[in-house]
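Colleague: My questions concern the predicted model and sequence given below.
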Amino acid sequence: MPKLTFLGHSAFLIEGHSNTLIIDPFLNDNPLAEIKASEVKADYVLVTHGHGDHLGDSIEIAKNNDATVISTYELASYCERQGVKSHPMHIGGAHIFPFGRLKLTIAHHGSSTPDGAYMGEPSGMLITMDGKTFYHAGDTGLFLDMKLIGEMNHIDIAALPIGDNFTMGIDDAVKAAEFLNAKHYLPMHYGTFGLIDVDPHHFVEKLAGNGLKGTVLPVGYSIDF
Ligand code: NI
Ligand code: MN
């Protein structure tokens, strides 16, 4: 059973049977994060898009661990230019890695690096490891194709942005959860800064009202899925 640890904002550590992955590691500049990039041990760094609160400390972590960055072609190439190993992918494409299968999904959002370079399309990620599937939606608005993602995959756990303003808010994230048909939902992308300050417990209550299971995972807490 893979272990999922919430590192704050949209960052998660995923520890499987043979490999450890980190996704969207925004740590050093996140006042709510409890660990620094220098403490992370990971074999792969997955990045949904180039914004600073997602690309975060990816380069430092990849360098420290001789880890491979996996992202969209544009962002993977950018990371490679910063001196790290990368594996480029793109939306709709899946690949079998030593840790399991990763498929990139659409996300309705933008993608540029903190220095302002445009990075093409952002993504979401479907990670299947040790027979279990985790869907990380990235930063996105609600989209009807989530229904298709739910139909074609048995999602064990899904992390959805709920903070509004830049992504789905709570009501849209509850609708997304209805579409995805996952067994369990975790809120992300809330509370880190004023513009996305929503109460994640309202999300979990609204899910429960629709017969769906959600958990507010505090920063630093883990769940087996
Ligand atoms: Ni973003
Ligand atoms: Mn973001």
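Modeller: Received, thanks. Bear in mind the structure is a predicted one, so any value in this text is a computation, not a measurement. Residues are numbered from 1 along each chain as shown. Ligands and ions are numbered 1, 2, ... in the order given.
Colleague: okay, now residue 154: neighbour count?
Modeller: Applying other C-beta atoms under 10 Å, we find 12 other residues in the vicinity of residue 154. Placement of C-beta: from N, CA and C, glycine included.
Colleague: begin at 41 from here
Modeller: All right, first residue 41 from here; so that's residue 194.
Colleague: what's near enough to touch it?
Modeller: For residue 194, the contacting residues are residue 173, taking C-beta atoms under 8 Å, 6 or more residues apart in numbering as the criterion.
Colleague: Residue 263 in helix, strand or coil?
Modeller: Remark: residue 263 carries the secondary structure label strand [criterion: DSSP: H, G, I helix; E, B strand; the rest coil].
Colleague: Spatially central residue in this protein, please.
Modeller: Most central in the chain under C-alpha atoms, centre = their mean is residue 176, positioned 4.0 Å from the mean C-alpha point.
Colleague: Give me the pLDDT for that one.
Modeller: Confidence at residue 176, expressed as pLDDT, is 99.
Colleague: residues touching it, list them.
Modeller: Residue 176 is in contact with 50, 52, 63-64, 86, 88, 164-165, 167, 198-199, counting by C-beta under 8 Å, 6+ apart.
Colleague: Apply 6 Å and report the result again.
Modeller: Contact partners of residue 176, counting by C-beta atoms under 6 Å, 6 or more residues apart in numbering, are 63, 165, 199.
Colleague: Residue 217 now?
Modeller: Applying C-beta under 6 Å, 6+ apart, we find residue 217 in contact with 225, 247, 252.
Colleague: quick one: what helix or strand has residue 127 in it?
Modeller: Using DSSP states H and E, the element containing residue 127 is strand 125-129.
Colleague: Quick check: buried residues in that strand?
Modeller: The neighbour-count check on strand 125-129 (16 or more other C-beta atoms under 10 Å) flags 125-129 as buried.
Colleague: same question, stretch 221-236
Modeller: Within stretch 221-236, the residues that qualify as buried by neighbour count (16+ other C-beta under 10 Å) are 221-222, 224-232, 236.
Colleague: Check stretch 187-198 too.
Modeller: Taking 16+ other C-beta under 10 Å as the neighbour-count basis, stretch 187-198 is seen to contain the buried residues 189-190, 193, 195-198.
Colleague: ditto for stretch 203-223
Modeller: For stretch 203-223, by 16+ other C-beta under 10 Å, it's 203-204, 206-210, 212-217, 219-222.
Colleague: Ok, stretch 245-264 next?
Modeller: Residues of stretch 245-264 classed as buried under the neighbour-count rule (16+ other C-beta under 10 Å) are 246-247, 252, 254-255, 257, 259, 263.
Colleague: would CSV of these with pLDDT be doable?
Modeller: Compiled in CSV, the buried residues of stretch 245-264 are given as follows (pLDDT from 0 to 100):
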residue, pLDDT
246, 98
247, 98
252, 98
254, 98
255, 98
257, 98
259, 98
263, 98
